[in-house]
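A.B. asks: Test case, fold it:
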Amino acid sequence: MPIHRIRIKDYRSLHSVDIEPGRVTVITGPAGTGKTSIVEAILYALTGRNQWTDDRGAGVKTQVSLGAKKAEVQVDWQDAQGEVHEFARAIPPPAGVKALQDRIDGVLGVPPDVAAAQLSTRRFLSMPVKEQEDLLQGLLSPPLTVDRWAVEMNAWDEDLPDLGTWFSPRFEKIPMKKTLVEYAEIERCAAKKLRTDLVNEVRVKESTAKPERVTQERVDALRTEWQEMATEIATLRERSAGGADLYAAQHAAWEQRRRQHEEAATTITRLDAHLAAALAKPHPDTPSPTSTELAKRLADAEAKIPGIEARLDAVNGEYDRLVCGKGACPTGTCARAEMEAVHRQQVAIRTELEQAQAACHALQAQRHQAELAENALSSMLAFERQLQRNLDEAQARLDALPAPGEEPQASATDPRIAEMEKRQAEVAALGRESAATRSAYESWERGQAAVDELRAKLAKLEDEVLRWEAVFVCVGPRGIKSKLMAERLVEMAGQVSDLLDEYFDARFRIVHGPWAVEVNQGDGWLPVQQVSWSWQARVSACLQIVLARCSGFPVLVVDETGADPLVRSDLLAMLDDQHDPPMQAFLISTAQTLDDAGEFMRPAVSEADAATGILFLWVHNGRAETLTPTRHLVEEARHETESP
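C.D. replies: Below is the predicted model of the structure:
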């Protein structure tokens with residue numbers, strides 16, 4: 001069986017369940033004991049969601065049993081090769097849920113929506129119309145190959161019998177991240193935009209006014225006239241070139257002298273400002289005593305240090321002699337007195353030496369400060385002297401320059417030159433205008449010649465736009481897939497209706513516009529939501545069998561079959577005949593019969609039920625107990641004994 005084993009712990013009202021379901025598993029028990037929770041746990045283990053969560057699995061935390069910290073659900077799935085896969089989930093879910101769901105989908109071979117529809121068909125039948133349609137659309141929409149697309153497109157429009165053949169080579173150009181609808185929309189919009197651009201271009205070319213026709217001879221004549229004027233102007237300028245050259249040389253010399261005077265005056269002004277700024281700064285005072293006097297005092301102080309050190313060495317030697325000889329006095333009293341006297345001399349001389357060294361250090365620091373002050377004063381005075389020298393040199397250079405004098409005046413030129421230049425400009429403007437008019441006329445002629453070519457391109461583009469419009473309709477939501485989907489729905493409805501007719505003498509149909517699922521029990525068509533629970537169970541079973549044939553997911557669940565014992569027997573008979581693929585079914589039945597003690601009676605299990613692979617589970621007090629024929633006989637004997 002596909003579902004090989006089910007283990008549930010602390011899930012809603014189920015505390016500990018461990019079962020190995022059979023080909024048909026009848027889950028029965030009093031209302032509210034967790035029968036449906038077993039199926040919801042299976043659905044959560046396989047899809048990560050159920051009726052208590054949304055499509056993304058949110059809300060699952062509320063399914064943990066009261067008082068428990070987490071719930072655990074595990075389904076062992078046996079594939080067609082006999083390999084068993086363990087799918088375990090915890091509530092709250094840990095990380096890595098997406099990878100687990102991808103692995104489950106790969107083993108099951110169906111998306112989560114399909115498994116959810118087959119494990120909760122009553123929920124599917126009560127869905128809004130649009131959700132039912134979307135679910136079946138994803139389940140029944142056939143995967144279309146390029147060749148199938150081409151065949152369907154060729155048959156789509158009688159006016160375009162080769163539409164699929166035309167579109168087939170373009171399948172390879174679809175970008176990887178674009179869907180077929182997006183690609184068709186992009187190409188359709190691009191073709192329409194290109195068509196609009198061509199229409200506008202043709203309209204512009206046809207509406208362009210015909211310019212005045214100017215011959216090339218007229219343009220050449222104006223060019224010749226301008227060249228003749230240029231030659232005459234050049235001749236007149238050559239005659240007055242001597243005076244103009246002299247004026248140019250005189251004016252260049254005057255301009256050079258003027259520029260030299262300006263540069264020299266600017267330099268003097270800048271140096272004068274620098275000198276004034278330097279003189280305005282405060283000058284440091286000459287130190288007293290000077291560094292020379294301090295150097296002499298330092299030499300005198302350093303000269304005293306060797307004498308003090310010699311005296312200290314002599315006293316140290318005397319002290320060492322006394323320490324080694326211990327003196328001539330037998331008792332040593334005289335030697336101690338002498339040693340103390342020598343020691344006092346040592347202390348006095350050392351103090352004198354330290355004072356002399358400290359005085360030398362102080363004189364060195366004073367001499368260094370004096371040298372710094374003298375150097376700063378010397379630098380400022382040297383900078384001022386250098387500025388004054390630079391200012392004197394700049395003034396001397398200015399005085400040595402010759403005066404620029406008056407600006408030379410230009411001599412009069414021939415007045416005919418200005419008149420001819422004015423006329424030449426007029427001829428040049430007329431020539432440019434004529435050339436532009438000539439160019440515009442030639443462009444207009446070329447545009448008129450290109451209109452026919454543009455019209456041919458436009459006709460070809462109109463056909464391409466028409467084809468892209470048809471392709472967009474074919475691949476759109478109401479296109480080929482929708483048509484094939486409608487055909488599959490009719491086929492599916494026929495299969496469901498055949499099953500209902502064969503086993504239950506009823507009819508089934510799917511009505512479009514608006515979408516509706518209806519059942520006919522002999523007294524007219526009714527929406528499936530308005531028929532009794534027993535008939536909803538029959539329709540649910542037939543619909544799940546057909547869905548299993550389409551998807552290959554061989555597990556179905558029929559809820560509330562125990563309301564009518566005939567329903568359960570009818571469903572078991574129908575399931576016995578399903579071999580392609582063989583079905584594994586879960587039938588949920590609510591116990592309704594009470595014994596004399598007011599307890600719910602467990603269902604009767606016969607040897608025939610056990611022999612045909614039917615497993616009966618009694619759900620009570622958070623556990624699922626397997627009912628056996630022996631247990632049933634014991635219960636029956638007990639009831640017969642206790643009855644009056």
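
A.B. asks: quick one, strands of the protein?
C.D. replies: Counting by DSSP state E, the segments of the chain that form strands are 3-11, 14-19, 24-29, 71-78, 84-91, 507-511, 516-520, 525-527, 555-558, 584-590, 614-620, 623-627.

A.B. asks: mind listing what's buried in stretch 147-158?
C.D. replies: For stretch 147-158, the neighbour count (16 or more other CB atoms under 10 Å) marks 149-150, 152-154, 156 as buried. Glycine gets a C-beta too; all of them are placed from N, C-alpha and C.

A.B. asks: what's the answer for stretch 163-175, then?
C.D. replies: Quick answer for stretch 163-175 (16+ other CB under 10 Å): 163-164, 166-167.

A.B. asks: And stretch 185-202, by the same measure?
C.D. replies: 185, 187-188, 191, 195, 198, 201-202.

A.B. asks: Out of these, which sit inside helices?
C.D. replies: Secondary structure defined by DSSP state H assigns 185, 187-188, 191, 195, 198, 201-202 of the buried residues of stretch 185-202 to helices.

A.B. asks: Measure how buried residue 453 is and give me the count.
C.D. replies: Using other CB atoms under 10 Å, the number of residues around residue 453 comes to 9.

A.B. asks: So which residues of the stretch 1-150 of the chain form helices?
C.D. replies: Assigned by DSSP state H, counting those that start in this stretch, the helices in the stretch 1-150 of the chain fall at 35-47, 97-108, 112-119, 121-125, 129-140, 146-154.

A.B. asks: how far away is residue 490 from residue 62?
C.D. replies: 41 Å (CB to CB, to the nearest Å).

A.B. asks: These two: which is more packed in?
C.D. replies: Set residue 490 next to residue 62 and count neighbours by other CB under 10 Å: residue 490 wins out with 13 against 9.

A.B. asks: Look up which residues are beta-bridged to the residue lying closest to that one once chain neighbours are set aside.
C.D. replies: Nearest residue to residue 490, sequence neighbours excluded (CB to CB, 6 or more residues apart in numbering): residue 510, at 7.4 Å. Residue 510 has the following beta-bridge partners by DSSP bridges: residue 517.

A.B. asks: how about residue 510, what does it touch?
C.D. replies: Contacts were defined as CB atoms under 8 Å, 6 or more residues apart in numbering; by that measure residue 510 touches 489-490, 492-493, 516-518.

A.B. asks: Equivalent analysis for residue 178, please.
C.D. replies: The contact partners of residue 178, taken as CB under 8 Å, 6+ apart, are residue 186.

A.B. asks: Could you pull out the helices in the stretch 251-400 of the chain for me?
C.D. replies: So, for the stretch 251-400 of the chain - with DSSP H, counting those that start in this stretch - the helices run 291-325, 333-400.

A.B. asks: List the buried residues in the first one.
C.D. replies: Along helix 291-325, these residues count as buried under the neighbour rule (16+ other CB under 10 Å): 291, 294, 298, 301, 308, 311-312, 315, 318-319, 322.

A.B. asks: and of the residues you listed, the nearest to residue 111?
C.D. replies: Nearest to residue 111 among the buried residues of helix 291-325, counting by CB to CB, is residue 291 at 100.3 Å.

A.B. asks: Hmm, that closest one is touching residue 370, no?
C.D. replies: Yes. Counting by CB atoms under 8 Å, residue 291 does reach residue 370; the two are 4.0 Å apart.
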